[in-house]
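1. Generate coordinates for the sequence data below:
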Amino acid sequence: MVLQNITQSLPPPNREGNTMRNRKEILTLSAVRAIQSILQDMQVLSEALEENPDVFGHDQRNFGAQQAMVLRDQKSWSGRSAIERLFWTIDNSIELVARSTDWVARD
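-> So this is what the prediction gives:
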């Protein structure tokens with residue numbers, strides 16, 4: 001509700017569909033997008049814990065830890081989750097592919 005009020009208080013796009021936003025508006029939208037992404041992934045974790053606590057410890061706990069690392073490093077290798085999409089760039093994917101050559105077994 002609070003996030004909706006914040007985004008609704010910003011000026012709407014013009015008829016052409018584009019809006020020149022000032023720095024404060026851009027930062028506000030970025031903060032709202034980040035909070036929404038965190039809430040979305042937290043909801044996934046919460047639902048997984050409620051639905052099947054036994055499996056949570058095996059699968060979802062790792063997912064939660066990975067999302068925490070993405071938030072900490074502000075870098076993601078894929079756009080798999082909402083949080084990862086915040087920090088995923090093509091450059092990060094290219095870097096991962098370059099690093100993967102180090103993991104390939106050499107003869």
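2. For the rest of this, base every contact and every neighbour count on C-alpha atoms.
-> Fine.
3. Can you name the helix or strand that Ser37 falls in?
-> helix 23-51 (DSSP states H and E).
4. got a list of what the residue positioned nearest the centre of the chain touches?
-> Central residue check for the chain by Cα atoms, centre = their mean: the C-alpha nearest the mean position is that of Ile83, 1.5 Å away. Residues near Ile83 by Cα atoms under 8 Å, 6 or more residues apart in numbering: Ala34, Ser37, Ile38, Asp41, Gln67, Val70, Leu71.
5. Let's see that with 10 Å instead.
-> Going by Cα atoms under 10 Å, 6 or more residues apart in numbering, Ile83 touches 33-42, 66-68, 70-71, 74-76.
6. filter those residues to the buried ones?
-> Using 16 or more other Cα atoms under 10 Å as the burial test, these include Arg33, Ala34, Ser37, Ile38, Asp41, Gln67, Val70, Leu71, Lys75, Ser76 as buried.
7. Now the fourth one: closest residue in space, sequence neighbours ignored.
-> For Ile38, the nearest residue in space outside its immediate sequence neighbours is Ile83; the separation is 6.0 Å by Cα to Cα, 6 or more residues apart in numbering.
8. and what of Arg85?
-> Spatially, and ignoring its direct neighbours in sequence, Arg85 is nearest to Gly79 (4.3 Å; Cα to Cα, 6+ apart).
9. pretty sure His58 is in a strand, no?
-> No - counting by DSSP: H, G, I helix; E, B strand; the rest coil, His58 falls outside a strand, being helix.
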